[in-house]
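Visitor: After the sequence you'll find the predicted model.
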Amino acid sequence: ANGQMLFTQKCAACHAGGAGWAGGGSLSSKDLERNGYAQIEGMVGLLSKGKGMMPAFGPTAPPFARFDDAQLGDVAAYVLAQAATGWAK
């Protein structure tokens with residue numbers, strides 16, 4: 001539940017329902033696999049460091065946007081679980 005709450009607060013503006021943004025890949029299982037983010041470690045790395053227009057949420061992020069290690073894992077697990085179900089409602 002924590003991953004869902006954090007995703008809703010910080011990510012859903014650009015990625016609601018697993019959507020992509022600014023020409024990037026979506027959060028579908030297919031796109032995550034193709035881009036190397038289909039495993040928890042890859043997703044945590046993406047969330048932590050950001051990429052392109054996506055901001056970082058790890059240690060280099062401003063304090064108001066920073067996730068701790070547990071939060072990074074929670075959001076990553078939520079995204080991967082949602083991707084596995086096709087972001088079904």
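Guide: Noted; the coordinates are in hand.
Visitor: Distance of G42 relative to Q4?
Guide: 20 Å (C-beta to C-beta, to the nearest Å). For glycine as for every other residue, the C-beta is placed from the backbone atoms N, C-alpha and C.
Visitor: Quick check: what element follows the lowest-mean-pLDDT helix or strand in the chain along the chain?
Guide: The weakest-scoring helix or strand in the chain, judged by mean pLDDT, DSSP states H and E, is helix 12-15 (a mean of 92). Next along the chain after helix 12-15, taking DSSP states H and E as the criterion, comes helix 29-34.
Visitor: So which elements touch that next one?
Guide: helix 69-84 (3 or more C-beta pairs under 8 Å, 6 or more residues apart in numbering; DSSP states H and E).
Visitor: Which other helices and strands does the helix it packs on contact?
Guide: helix 2-10, helix 29-34, helix 40-49.
Visitor: Looking at the ones you listed, spot the one closest to G58.
Guide: Of all these, it is helix 40-49 that lies closest to G58, at 3.0 Å by C-beta to C-beta.
Visitor: Could I have the CA atoms of the closest one written out in PDB?
Guide: Once non-C-alpha atoms are left out, helix 40-49 reads as follows in PDB (Å, rounded to 0.1, in the frame of the first residue of the first chain):
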ATOM      1  CA  ILE A  40      13.400  -4.900  -8.800                       C
ATOM      2  CA  GLU A  41      17.100  -3.800  -8.900                       C
ATOM      3  CA  GLY A  42      16.700  -2.100 -12.300                       C
ATOM      4  CA  MET A  43      13.500  -0.300 -11.300                       C
ATOM      5  CA  VAL A  44      15.100   0.900  -8.000                       C
ATOM      6  CA  GLY A  45      18.000   2.200  -9.900                       C
ATOM      7  CA  LEU A  46      15.700   4.100 -12.300                       C
ATOM      8  CA  LEU A  47      13.700   5.600  -9.500                       C
ATOM      9  CA  SER A  48      16.900   6.500  -7.600                       C
ATOM     10  CA  LYS A  49      18.800   8.200 -10.400                       C
END
